[in-house]
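1. Next one to model:
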Amino acid sequence: MTSAEHGDGAPPVAPTQLKPHRYPAWLLAFAALVIGAVVYSATLIPPYLEAFVALRRAHADIAAKDRTAAEAQLLSVLQLVPSSKSARIDIAVLLLADPSEAQQRRGLNYLSGIKLDKYEWPRVSAVLPDKFRSAFTSTTR
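-> As a prediction, the model looks like this:
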């Protein structure tokens with residue numbers, strides 16, 4: 001409220017003009033960097049999202065006992081994200097469970113270079129034929 005509204009007879013005070021605020025250059029540069037990183041990250045999302053959907057479809061196909069469709073979905077995931085450990089283990093388990101030795105060898109190839117943890121090893125060892133068990137070594141941390 002101004003003094004005129006109080007009724008004390010004083011003349012109203014004129015508001016003072018504020019200087020426009022300017023952000024420091026380093027803050028603007030940092031904000032631009034963050035925005036650039038967010039935009040770049042957003043461009044990477046679609047292939048990972050597509051791979052996630054294909055992996056979920058593969059799991060549904062495995063549950064429905066449709067091995068051919070599951071293998072196709074898992075191969076699709078590996079085309080999109082070749083480093084997907086989950087897809088590599090899933091396709092290896094799928095192929096190791098096949099009675100054909102050629103398919104079992106393909107399954108073993110998908111496991112090359114992967115360290116299986118205590119949760120992944122039981123899944124693999126449940127379908128791993130005895131003749132291939134010597135290809136695995138136990139490691140301790």
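2. And for Val93, the neighbour number?
-> 21 (other C-beta atoms under 10 Å). For glycine as for every other residue, the C-beta is placed from the backbone atoms N, C-alpha and C.
3. That one contacts Ser125, doesn't it?
-> No - applying C-beta atoms under 8 Å, one finds Val93 not in contact with Ser125, separated by 9.9 Å.
4. now the helices for this structure?
-> 3-6, 25-63, 67-80, 85-96, 101-111, 120-127 (DSSP state H).
5. buried stuff in the third one?
-> In this case it means helix 67-80. Neighbour-count burial for helix 67-80, counted by 16 or more other C-beta atoms under 10 Å, picks out Ala70, Glu71, Gln73, Leu74, Ser76, Val77, Leu78, Leu80.
6. so what's the third one closest to, chain neighbours aside?
-> Nearest in space to Gln73, with sequence neighbours left out and distances taken as C-beta to C-beta, 6 or more residues apart in numbering, is Ala58 at 3.6 Å.
7. now the second one
-> Among residues not flanking Glu71 along the chain, Leu94 sits closest, at 6.0 Å (C-beta to C-beta, 6+ apart).
8. mind listing what that neighbour touches?
-> Leu94 makes contact with Ile62, Arg67, Ala70, Glu71, Leu74, Gly107, according to C-beta atoms under 8 Å, 6 or more residues apart in numbering.
9. Quick one: low-confidence residue ranges for the chain.
-> 1-9, 141 (pLDDT under 70).
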